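Q: Dropping the sequence and predicted coords here.
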Amino acid sequence: MTVFLIADVKITDDKWVPEYAAVVHDIAAKHGGKYLSRSGNIKVLEGKPLETTLIALIQFPDADAAMAFANDPEYAPHGKARQEGSESRFQLIDDTDIAGTIPYLGKG
């Protein structure tokens, strides 16, 4: 089942960003990941804005592939640099509809 990794990041020290941006997409691709977006163009349409400066959305073929990416030893130093230079949250969601009313999504 397709899953999406949502990275919600508030950059506090941008020293890690150039190297991370240059190589991490290849590590994700090694695990079947495909970046759908990696953007700082965030416009809040409803609710209180968060202090997020970057949101990345990465599609993986399944949860195991996403976890393999997150736990890849090649990713570890980049993840550590991101954690030290940001406040960030990684969330994993699948491609289901919890209400079960959207016909092209699986029932959640």
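A: Here it is on my side, so go on. Numbers count the residues shown, from 1 in each chain.
Q: May I have the strands that pair with the helix or strand hosting residue 35, each with its orientation?
A: Per DSSP states H and E, residue 35 falls inside strand 34-39. Using DSSP bridges, strand 34-39 pairs in its sheet with strand 54-60 (antiparallel).
Q: for the record, mean pLDDT for the next helix or strand after the partner strand?
A: Downstream of strand 54-60, the first helix or strand assigned by DSSP H and E is helix 63-70. Per-residue pLDDT over helix 63-70 has a mean of 98.
Q: Who are the packing partners of helix 63-70?
A: strand 3-11, helix 17-30, strand 54-60, strand 86-94 (3 or more Cβ pairs under 8 Å, 6 or more residues apart in numbering; DSSP states H and E). Where you see a C-beta, it was placed from the backbone N, CA and C, and this is true even at glycine.
Q: Quick one, which of these gets closest to residue 41.
A: Comparing the helices and strands packed on helix 63-70 against residue 41 with Cβ to Cβ, the closest turns out to be strand 54-60 (9.2 Å).
Q: Go through that closest one and flag the buried ones.
A: Neighbour-count burial for strand 54-60 flags 54-56, 58-60 (criterion: 16 or more other Cβ atoms under 10 Å).
Q: From the chain's centroid, how far away is stretch 53-73?
A: 6 Å (Cα atoms, centre = their mean, to the nearest Å).
Q: end to end, how far does it reach?
A: Stretch 53-73 has an end-to-end distance of 26 Å (Cα to Cα, to the nearest Å).
Q: Looking at strand pairing, list the partners for residue 10.
A: residue 87.
Q: and it, what is it in contact with?
A: The contact partners of residue 10, by Cβ atoms under 8 Å, 6 or more residues apart in numbering, come to 50-54, 86-88.
Q: Which pair of the residues you listed spans the longest distance?
A: 50 and 86 (13.0 Å).
Q: and the two? which has more neighbours close in?
A: residue 86 (22 against 13; other Cβ atoms under 10 Å).
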